[in-house]
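S.K.: I'll drop the sequence and a predicted model, then ask my questions.
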Amino acid sequence: MPDRATHRKLALLLGLYFVQGLPFGFQVTAVPTLLRQQGVSLVTIGSVSMLLSLPWLLKILWAPLVDRFYARTLGRRRSWILPMQAALVFCYLAAAFFNPLTHLPALLALVFVMNTFAATMDIAVDGWAVDLLEPSELGYGNIGQVVGFKLGMLVGGGVALYVSASIRWAAIFPGLAFLVALVLLSTFRARETARPILGTSYERSPIDLRKIVTTVGRSLVNARGLWLLLFVATYKLGETLADRMFKPFLVDLGFTTEQMGWWAGIWAISFSLAGSFFGGVLASRIPLLSAVTITAVLRVAPLAGEWWISIALPGEQIIAAVIAAEHFFGGALTTAVFALMMSRVEREVGATHYTALATVEVLGKYPLGPIAGWIADRFGYSAVFATATLISAAFPALLIPLRERR
């Protein structure tokens, strides 16, 4: 079981990742619902989701800069985290002036800006996590990472959408700004312990930017690194394909805004949180690759359940059970995979190396929004969920050569 020092690390990471999840939760839960309710096409909804995710895809371009530049008085990681948190506070205060029902395009532009700040903060936070966590703490540490991010998604997406039925958005956004400000104060009080980088102390000597890029590149292009990149890029293909269209599917079934906030937001992410905790504990008790294999196999069943729902159209209780199972096992798989990724990172350049892996993970899911919308428009929702199930059923086969290489 984790000791008190590990608990402190987890609490810190939980708060940091929580802040990053707030704008992303609004994007993936509230935005598709609001767009569909205004009659926007499925292809457009998928394309908007893709565009809003661009900062998470492109962050690798400035990740070496986050590793390279910092203010010694604040620390290598807090030099970036604190300004990004302050910027998010101001963005949420600005969002209070844009009603999603009447000024949605302007609000979406602001969400893009917030995603840029959150993605930049994520680079530094991932590097701080690599600095903080010992190998024996990776499973538990990634509970803080994944659960914190999903709690932010829950509050910024599902909860915000649910309460919007009775509270104006002009009051909801300042409330989110207040939550970010609380974490900002906690970050300001936290202490950052310096680690040596590439044979020097980054507290006393400047970091060679070229050496950072070279070290990460060498780690990615060898045989072991290339297979890991393929693995990271494909493990979420089926699940993401289904998720892109499941919320519009529920809207077309007649679910209201309040119901969507509950079923697709609060209910779904609550079980995802539980699954993430389960996956982290599992990854701490058995070999990481075994944890990934078990959770990947279990994830297939609820995706097949979504396929069946689109055909049989059962009652709400069956839909709720399938949503719960899909997000539970999806959350468990995510935590196990992130722990595996962090175990393969070069600590000295942790922010850039982990960001490269995370970018590949996002890149693997990136084109699926328009593709899912195209399949749904042309062949129906059932075709989307059938494709997602078959892809996820085939994925565990990719773990066989990965296990052999290990």
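M.R.: All right, it came through fine.

S.K.: please count neighbours and contacts with C-alpha atoms only from this point.
M.R.: Fine.

S.K.: what about the strands in the stretch 151-300 of the chain?
M.R.: Listed in chain order, the strands found in the stretch 151-300 of the chain under DSSP state E, counting those that start in this stretch are 196-197, 200-201.

S.K.: those strands: lowest mean pLDDT?
M.R.: Mean pLDDT is lowest for strand 200-201 out of the strands of the stretch 151-300 of the chain, coming in at a mean of 48.

S.K.: quick check: F328 vs V147, distance?
M.R.: For F328, the distance to V147 equals 12 Å [Cα to Cα, to the nearest Å].

S.K.: over to L22?
M.R.: Taking Cα to Cα, one finds L22 at 12 Å from V147.

S.K.: what does S310 give?
M.R.: In terms of Cα to Cα, S310 sits 29 Å off from V147.

S.K.: likewise V111?
M.R.: Taking Cα to Cα, one finds V111 at 22 Å from V147.

S.K.: of those two, give the one with the bigger neighbour count.
M.R.: Neighbours per residue (other Cα atoms under 10 Å) separate V111 from V147, with V147 holding more: 29 against 22.

S.K.: my read is that the more buried one contacts F271, right?
M.R.: No: the pair V147 / F271 is not scored as a contact, 10.7 Å apart, by Cα atoms under 8 Å.

S.K.: quick one, what contacts I400?
M.R.: Shown in contact with I400 (Cα atoms under 8 Å, 6 or more residues apart in numbering): no residues.

S.K.: from W267, how far off is it?
M.R.: With Cα to Cα as the criterion, I400 and W267 are 34 Å apart.

S.K.: again, but for F338
M.R.: Distance from F338 to W267, by Cα to Cα: 23 Å.

S.K.: who has more neighbours out of the two?
M.R.: F338 (25 against 19).

S.K.: nearest residue to that one in space, please, no chain neighbours.
M.R.: Nearest-residue entry for F338: N142, 6.7 Å, with adjacent residues in sequence omitted and distances by Cα to Cα, 6 or more residues apart in numbering.

S.K.: just the pLDDT at that neighbour, thanks.
M.R.: The model's pLDDT for N142 equals 79.

S.K.: go on, the one 4 residues further on?
M.R.: As predicted, V146 sits at a pLDDT of 83.

S.K.: likewise G369?
M.R.: 66.

S.K.: quick revisit: overlap in contacts of F328 and V147?
M.R.: In terms of Cα under 8 Å, 6+ apart, F328 and V147 are both contacted by the residues L273, S276.

S.K.: residue ranges with poor pLDDT in the stretch 51-200 of the chain?
M.R.: Scanning the stretch 51-200 of the chain for pLDDT under 70 picks out 193-200.

S.K.: what strand or helix carries A304?
M.R.: helix 288-312 (DSSP states H and E).

S.K.: average pLDDT across the helix or strand following that helix?
M.R.: Downstream of helix 288-312, the first helix or strand assigned by DSSP H and E is helix 316-343. If you average the pLDDT over helix 316-343, you get 88.

S.K.: who does helix 316-343 touch, helix- and strand-wise?
M.R.: helix 138-153, helix 268-285, helix 288-312, helix 350-365 (3 or more Cα pairs under 8 Å, 6 or more residues apart in numbering; DSSP states H and E).

S.K.: L390: which of these is closest?
M.R.: Across those, L390 has its closest neighbour in helix 288-312 (8.4 Å, Cα to Cα).

S.K.: tell me who's in contact with G158.
M.R.: Counting by Cα under 8 Å, 6+ apart, G158 has contacts G25, F26, T29, A30, M260, G261, W262, A264, G265, I266.

S.K.: one more: V322?
M.R.: V322 touches P302, G305, E306, counting by Cα under 8 Å, 6+ apart.

S.K.: now these in JSON lines, with pLDDT and neighbour count?
M.R.: Formatted as JSON lines, those follow (pLDDT from 0 to 100; neighbours: other Cα atoms under 10 Å):
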{"residue": "P302", "pLDDT": "90", "neighbour count": "22"}
{"residue": "G305", "pLDDT": "91", "neighbour count": "21"}
{"residue": "E306", "pLDDT": "89", "neighbour count": "26"}
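
S.K.: any idea how far stretch 104-119 is from the middle of the chain?
M.R.: In terms of Cα atoms, centre = their mean, to the nearest Å, the centre of stretch 104-119 is found 16 Å from the chain centre.

S.K.: ok, back up a step: looking at the contacts of G158, which has the most residues close by?
M.R.: G265 (28 neighbours).

S.K.: check that residue and give its pLDDT.
M.R.: We have a pLDDT of 67 for G265.
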